[in-house]
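Novice: From the sequence below, what's the structure:
(one chain, ligands or ions: 1)
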Amino acid sequence: MSRAVVSLNSGSSSIKFALFTLGPDGPQHAAAGKLEGIGTAPHLVARDKDGTILIDRNWDDGSGLGHETLLHDLFAWAGDHLPDPDIVAVGHRVVHGGTKFFHPLVVDDALLAGLEALCPLAPLHQPHNLAAIRAIRSLAPDLPQVACFDTAFHHELPEVATRFGLPRALHDKGIRRYGFHGLSYEYIARALREADPVLASRRVIAAHLGNGASLCAMRDCRSVDTTMGFTALDGLMMGTRCGTIDPGVVIHLQTQEGMSATDVEALLYNQSGLLGVSGISSDMRALHKSDDPRAAEAIDLFTLRAAREASALIFSLGGLDGIVFTAGIGENDPVIRAAICERLAWLGIAIDQDANARNAPVISTADSEIVVRVIPTDEERMIAIHTLAALTPAGGQS
Ligand code: ADP
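Specialist: Presented below is the predicted three-dimensional model:
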């Protein structure tokens, strides 16, 4: 029987998971999957490490099934079908650790209460993270669970970079910049240290471009600035989120357009970004396929916003030595990478078109003044690494 760790990333309508067996070289990827459509039409697909489908299941009339029931089914399936793993712990992506929690922590009642108190800071995400922790507690009360925080990588941001130009009392109440996608950036920092230690010690922008998208300015692999702030709405334009906008727009929508806070929330999180601007899709692949000029304009705005935000981070870094692209778009989309780099050509970036088309690890030319790399992210592996560390006596406790 092989010992294993499960990584879980539980969102509002989906749960991503991965199983890692524990070998002498650390966690080895054994299986991964996604349960989508929670609340509407649940659909589970899991694959083994070679990509072979292990399960592809729909639930008949599954609209009423919540996270708990579905996790129960998922664990029952895993127990019956996976090669007899001895699951020693479950690690979770928890979106918000606030100002108090940044080391990965073994979950107990006090921690759960502390994380519950942070729900108002991330009401669309945190409750689902905690629901998964509770569901597993009820299924397996003795199984250790570890919370890994998406804000943690940014917790050393310079104090001044955490402030808004708002009254101090609001900052003291927690209305400040936190930053997100930290597990992804932490993985990228580790991978970059292995692949290119010289670049890793310098000034790098990591660009996590997926449905959610942000940039992180890293010096010697530490976050010194990032584009997401108080919430995951800030910064770049994303699949369905607006990114940075004039806050006066929010006031106008409420006072002049008669929108409620809930309407505005739905607009800014779910109906904006690539979807809102194109009126077609939030999916970059669909926009590339379209010959509608609105799709082209949405793509243009995506790359403009990315280059503009990158330029601000270059100021924070005092210059730039490298860019690392990651996540769905960053890892797979040569057109977007080239367009962003073209907008930053004033830095002396030169892209090797052939390497870029192949999603090669290095896509800049030998004489480019900035090294441009592509590194696939692996938040689930980062969670597994943290989970193991938190379970060892010296690891993880703050
Ligand atoms: P999430 O934030 O949901 O984890 P992903 O990192 O999976 O998102 O990124 C989803 C985005 O990546 C979508 O816009 C999708 O179109 C894009 N994407 C995925 N694969 C490709 C590809 N081969 N070419 C272009 N875009 C891609």
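
Novice: hmm, stretch 354-373 touching the ligand?
Specialist: No. Using CB under 6 Å from any ligand atom, we find that stretch 354-373 stays clear of the ligand, coming within 8.5 Å at best. C-beta here means a position set from N, CA and C on the backbone, and glycine is covered the same way.

Novice: and that stretch, what's its mean pLDDT?
Specialist: Average pLDDT, stretch 354-373: 98.

Novice: What's the end-to-end length of it?
Specialist: With CA to CA, to the nearest Å as the measure, the ends of stretch 354-373 fall 14 Å from one another.

Novice: Could you list the buried residues of it?
Specialist: Using 16 or more other CB atoms under 10 Å as the test for burial, stretch 354-373 gives 355-356, 359, 362-364, 368, 370-373.

Novice: who's in contact with it?
Specialist: Stretch 354-373 is contacted from outside by 192, 195-196, 199, 320-325, 331-332, 334, 337-338, 341, 344, 347-352, 374-375, using CB atoms under 8 Å, 6 or more residues apart in numbering.

Novice: Filter those residues down to the buried ones.
Specialist: Buried subset of the contacts of stretch 354-373 (neighbour count, 16+ other CB under 10 Å): 192, 196, 199, 320-325, 331-332, 334, 337-338, 341, 344, 347, 349-352, 374-375.

Novice: who's in contact with the residue in the stretch 151-300 of the chain positioned nearest to the ligand?
Specialist: The nearest approach of the stretch 151-300 of the chain to the ligand comes at G210, 2.6 Å away (CB to the nearest ligand atom). Counting by CB under 8 Å, 6+ apart, G210 touches 239, 327-330.

Novice: and of the residues you listed, the nearest to the ligand?
Specialist: When the contacts of G210 are compared for distance to the ligand (CB to the nearest ligand atom), G328 comes out closest, at 2.1 Å.

Novice: Could you pull up the mean pLDDT of the helix or strand containing the closest one?
Specialist: For G328, the host element (DSSP states H and E) is helix 327-332. For helix 327-332, mean pLDDT is 97.

Novice: Just confirm A384 contacts H92, I think it does.
Specialist: No. Counting by CB atoms under 8 Å, A384 does not reach H92; the two are 11.2 Å apart.

Novice: Between those two, which has more neighbouring residues?
Specialist: Neighbour tally, A384 and H92, criterion other CB atoms under 10 Å: the higher count belongs to A384, 29 against 26.

Novice: State the distance from the more buried one to G26.
Specialist: Counting by CB to CB, to the nearest Å, the gap from A384 to G26 is 8 Å.

Novice: hey, what's in contact with both of the two?
Specialist: Shared contacts of A384 and G26, defined by CB under 8 Å, 6+ apart, are absent.

Novice: Quick check: closest non-adjacent residue to H29.
Specialist: Excluding its sequence neighbours, the residue lying closest to H29 (CB to CB, 6 or more residues apart in numbering) is K49, at 5.0 Å.

Novice: can you give me phi and psi for that neighbour?
Specialist: Torsion angles at K49 (phi, psi; degrees, to the nearest 10) stand at phi -70, psi -20.

Novice: who touches it in this structure?
Specialist: Applying CB under 8 Å, 6+ apart to K49 gives the contacts 28-31.

Novice: moving C-terminal of the helix holding G328, what's the next helix or strand?
Specialist: Taking DSSP H and E, what comes next after helix 327-332 is helix 334-343.

Novice: who touches that following helix?
Specialist: Outside helix 334-343, the residues within contact range by CB under 8 Å, 6+ apart are 207, 209, 284, 288, 299-300, 302-304, 306-307, 310, 323, 325, 329-330, 349, 351, 353, 356-357, 359, 363, 372, 374.

Novice: So which of these belong to helices?
Specialist: Using DSSP state H, the members of these that fall in helices are 284, 288, 299-300, 302-304, 306-307, 310, 329-330, 353, 356-357.

Novice: which of those lies closest to E186?
Specialist: Comparing the ones in helices among the contacts of helix 334-343 against E186 with CB to CB places G330 closest, at 16.0 Å.
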